[in-house]
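Peer 1: Pasting the sequence and the predicted model now:
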Amino acid sequence: MTGNSESLDELISTAKQVSETILKYSNVRVVSHNDTDGITSAAIICQALLREKIRYHATIVSRLDESVIEDVNNTISEGDLVIFCDMGSGQPDLISNVSEDTVVIDHHNPEGESTAKAVLNPHFSEIDGSTYLSASGSTYMVAREMDSSNVDLSGLAVTGAIGDKQVFESANEFILDESVKNSVISVKKGLKIGEGDIAQLLENVPEPYLDISGDREKIDEFLSSLNVHGNINDLDSEDFKKLASAITLKIIKNASTEAVESVIGDVYTLNKEPVQDIYEFIRILNACGKVKKGGLGLTLCLRDTSVLDEARQISLEYNRNIVDQIKKAESLIQCGSNIRYLNAESMDSIGIVAGVIIRYMYPDMPVIATNEVEDVVKVSARATHHLIEKGVDLNYAMREAAKLTVGSGGGHNIAAGAAIEKGQVENFINIVDDIIGKQLNPDTESSDE
Ligand code: C5P
Ligand code: C5P
């Protein structure tokens, strides 16, 4: 569902209405998600509010639940507005419990009736928010209506969309074009791995994930066999081509088409942000969010460079640890009839692990990773665009299977998650396997009936 020009016009007109609603308030509470898309969304709206001299208080959370609503209700005053970014569409019941007015700017599948004063969600304009407009893009659409000079925030919108592995067609393409035209982003052809020493990048970066990632000895052997060393920016065009083809050859063996596309092609440079390399910026923001330092990521997106060294250190440690987690996860993967799954016990980044497994190792079936945390089991599920085209909808699968295993779930068709009761993992996996089987073979389902 890419939408058409009418969809984009409708989206712009909704963004205008949302902007007009926001501009009526003088105190705003912003609540957003702790991944790159959520942090950039928060940064876009906070900067737009600041420029209008509207006071704001922002909080970055890992998920929307009753405790978040309680905290919001305890910290707002009469007449305030609460803006939820990158969350809220799937839980209108929670939003309705906020004691003051609300606005929801989100790209998750809408469920039920919303009580918010205004909502922006691309799904309402026939644009699939899982693929063609992120929460940061949605928030940018509102910010550009608040003031056209907010175009400088379009780099953050593109950062959030790449963080959410989105495709640059439809609404995303509109934002990217606007960004490039206004010199907020520059585009060149290259490797989407980031800048710096090539050996260090391959050692510490989870994506692109190669069979040598994290193993310095093998990385050195690989680079020596190519006779390519040093900083990726300093490579001459011949060495760069040698490196790019060798990496592509490694990936092509097992990876999904989208993984290959996500490694080589248009490379974006951010001209207005404190980290110009968009791939490093994404790694930093995600790391900050996941180690509960979302505020630090937000500060960086507000262009305060004083926190850059601390944020870079957090990112290095977090991403290096993820590479180790992926290595461990490889041996835990099990195969069902329609899904692969793994009990990724003690791994705190199962979403990234599941994403790397499906994109770089086994793209043929959805991957479901589970991890027991205190008294609940967290679940992350990932698919590919190819599987979505074949009928897979992980949002539905997580939501329905969680309902049957004393939990809750949701997300997007391509990336979703759940939290279920301890002791229910086997049951949950069987239910998901069955649901995905029916999604892939709807005819079999009807012939059973
Ligand atoms: O809450 P939100 O929608 O932003 O979270 C989606 C998550 O799923 C992001 O962390 C994003 O990186 C991940 N994702 C993924 N593979 C995709 C699409 C999204 O791992 N193809
Ligand atoms: O946690 P993870 O990155 O796997 O989340 C993927 C998607 O699933 C996100 O959009 C998130 O908001 C959603 N999710 C959810 N309920 C959960 C866990 C994740 O709706 N319990």
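Peer 2: Perfect, I can see it now. Ligands and ions are numbered 1, 2, ... in the order given.

Peer 1: residues from the chain in reach of ligand 1?
Peer 2: 33, 35, 37-38, 86, 163-165, 351, 355, 382, 412, 414-415 (C-beta under 6 Å from any ligand atom). No exception for glycine: its C-beta is placed from N, CA and C like everyone else's.

Peer 1: Out of those residues, the closest to residue 129 would be?
Peer 2: For the residues of the chain next to ligand 1, the closest approach to residue 129 (C-beta to C-beta) belongs to residue 412, at 7.5 Å.

Peer 1: So what's the residue count around the nearest residue to that closest one once chain neighbours are set aside?
Peer 2: Excluding its sequence neighbours, the residue lying closest to residue 412 (C-beta to C-beta, 6 or more residues apart in numbering) is residue 130, at 3.6 Å. Residues within reach of residue 130, counting by other C-beta atoms under 10 Å, total 27.

Peer 1: is it true that residue 130 lies in a strand?
Peer 2: No. Secondary structure of residue 130 (DSSP: H, G, I helix; E, B strand; the rest coil): coil, not part of a strand.

Peer 1: Closest one of the residues of the chain next to ligand 1 to residue 145?
Peer 2: residue 86 (18.6 Å).

Peer 1: How much space separates that closest one from ligand 2?
Peer 2: Counting by C-beta to the nearest ligand atom, to the nearest Å, the gap from residue 86 to ligand 2 is 8 Å.

Peer 1: My read is that that residue contacts residue 34, right?
Peer 2: No. Using C-beta atoms under 8 Å, residue 86 is not in contact with residue 34, being 9.3 Å away.

Peer 1: Neighbour count for those two, which is higher?
Peer 2: residue 86 (32 against 24).

Peer 1: Could you pull up phi and psi at the nearest residue to that one once chain neighbours are set aside?
Peer 2: Leaving aside its chain neighbours, residue 86 sits nearest to residue 135 (3.4 Å; criterion: C-beta to C-beta, 6+ apart). Main-chain torsions, residue 135, degrees, to the nearest 10: phi -70, psi -40.

Peer 1: Contacts only, for residue 135.
Peer 2: 32, 33, 37, 38, 41, 85, 86, 105, 106, 107, 160, 164 (C-beta atoms under 8 Å, 6 or more residues apart in numbering).

Peer 1: Turn those residues into a markdown table, columns for secondary structure and pLDDT.
Peer 2: Below are the contacts of residue 135 laid out as a markdown table (DSSP: H, G, I helix; E, B strand; the rest coil; pLDDT from 0 to 100):
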| residue | secondary structure | pLDDT |
| --- | --- | --- |
| 32 | strand | 98 |
| 33 | strand | 97 |
| 37 | helix | 98 |
| 38 | helix | 98 |
| 41 | helix | 98 |
| 85 | strand | 98 |
| 86 | coil | 98 |
| 105 | strand | 98 |
| 106 | coil | 98 |
| 107 | coil | 97 |
| 160 | helix | 98 |
| 164 | coil | 96 |
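
Peer 1: Now the two most distant members of those residues.
Peer 2: 105 and 164 (14.2 Å).

Peer 1: Compare these two and say which is more crowded by neighbours.
Peer 2: With neighbours defined as other C-beta under 10 Å, residue 105 and residue 164 compare such that residue 105 has more, 33 against 27.

Peer 1: before we move on, the earlier item: quick check, the residue nearest to residue 412 in contact with residue 122.
Peer 2: No. Applying C-beta under 8 Å, one finds residue 130 not in contact with residue 122, separated by 9.3 Å.

Peer 1: Residues in contact with both of those two, list them for me.
Peer 2: With C-beta under 8 Å, 6+ apart, residue 130 and residue 122 have common neighbours residue 107.

Peer 1: Give me the below-cutoff pLDDT ranges for the protein.
Peer 2: Residue ranges of the chain with pLDDT under 70: 3, 445-449.

Peer 1: same thing but at 90, please
Peer 2: Applying pLDDT under 90 to the chain picks out residues 1-6, 63, 189-195, 233, 251-265, 345-349, 373-375, 406, 443-449.

Peer 1: Residue 429 touches residue 366, doesn't it?
Peer 2: No. Residue 429 is beyond contact range of residue 366, at 11.3 Å (criterion: C-beta under 8 Å).
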